[in-house]
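**Q** Predicted coordinates and the sequence they were generated for:
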Amino acid sequence: MTVPRNAIDHAHHKEIDAILKDLRVSSRRLKTALDSFNDELRILERLYYKCKNQHRTALFFKRVSELRRYGRRLSEMDVPERVDLLRASFVGLEHTSDHKALRSSWSHVPEKPYVSFLTERLTACSTLVCKMRERLEKAYHHFALAMQTGAFVQVIILFVAIASRMSVLSSQLEEALQLSILTCNRLLVIIHVHMSLAQR
């Protein structure tokens, strides 16, 4: 459900324009970072299956399995699509396939339950990214220790490179997620004001 533009106090229109601009920016950043992250995840998946039989009992390989699980969970959340669905709701759409319509002037404002739900999902994703960054750091140290044994150095170096790249991309995802959460909170304030005025 959405609220039509003419029901929103004109004083909030410029702020909603700014919110939409920030949502577009955060969506683009999330998509760029997540696309690169998924590329790294695909490489990790390939290496995992190639090395599984030979290294599955090795301690460093348990870290690889853990990174793979976290990476899959993060990828499955598909956060850029969720942010784009929020943007679509401002123009009365329920899907994001019409990219031209997403750039048109807003005609609606989504209702509070939807924005609150999205904010919770973004916050959950942010928590997952933070946990993943911790795991990436631990994995990096495990890989460094495993390299000191001199066994399977070439394979471990590949996992180090992937973990390092994923860590950088996780940091970019976290920044974009924080912008999205902040933007949703600004939108919730406007919706709250609108609801308070409507109840008078």
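**A** Cool, got the structure.
**Q** Put the alpha carbons of stretch 12-21 into PDB.
**A** This file holds the C-alpha atoms of stretch 12-21, laid out as PDB (Å, rounded to 0.1, in the frame of the first residue of the first chain):
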ATOM      1  CA  HIS A  12       8.200  17.300   2.800                       C
ATOM      2  CA  HIS A  13       8.400  17.000  -1.000                       C
ATOM      3  CA  LYS A  14      12.000  18.300  -1.300                       C
ATOM      4  CA  GLU A  15      13.100  15.900   1.400                       C
ATOM      5  CA  ILE A  16      11.500  13.000  -0.400                       C
ATOM      6  CA  ASP A  17      13.300  14.000  -3.600                       C
ATOM      7  CA  ALA A  18      16.600  13.900  -1.600                       C
ATOM      8  CA  ILE A  19      15.600  10.500  -0.100                       C
ATOM      9  CA  LEU A  20      15.000   9.100  -3.600                       C
ATOM     10  CA  LYS A  21      18.300  10.400  -4.800                       C
END
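**Q** what's the average pLDDT for that stretch?
**A** Computed over stretch 12-21, the mean pLDDT rounds to 92.
**Q** hmm, who's touching it?
**A** Applying C-beta atoms under 8 Å, 6 or more residues apart in numbering, the set of residues contacting stretch 12-21 from outside is R5, I8, R87, F90, W106, V109, T183, R186, L187, I190, V193, H194. No exception for glycine: its C-beta is placed from N, CA and C like everyone else's.
**Q** which of the residues you listed sit farthest apart?
**A** Farthest-apart pair in the contacts of stretch 12-21 is R87 and V193; separation 21.0 Å (C-beta to C-beta).
**Q** In terms of packing, which of those two has more residues around it?
**A** In this view R87 and V193 are compared by other C-beta atoms under 10 Å, and R87 has more residues nearby, 21 against 14.
**Q** could you say which helix or strand contains that one?
**A** R87 belongs to helix 79-89 when elements are defined using DSSP states H and E.
**Q** Tell me the helix or strand right after that helix.
**A** On the C-terminal side of helix 79-89, the closest following helix or strand by DSSP H and E is helix 99-102.
**Q** May I ask you to confirm that N38 is in contact with L74?
**A** No. Proximity of N38 to L74 does not meet the contact threshold set by C-beta atoms under 8 Å, at 9.2 Å.
**Q** one step back: show me the contacts of stretch 12-21 that map onto helices.
**A** Within these, membership in helices is found for R87, T183, R186, L187, I190, V193, H194, as judged by DSSP state H.
**Q** ok, now which ones touch the third one?
**A** So that's R186. By C-beta under 8 Å, 6+ apart, the residues touching R186 are E15, I19.
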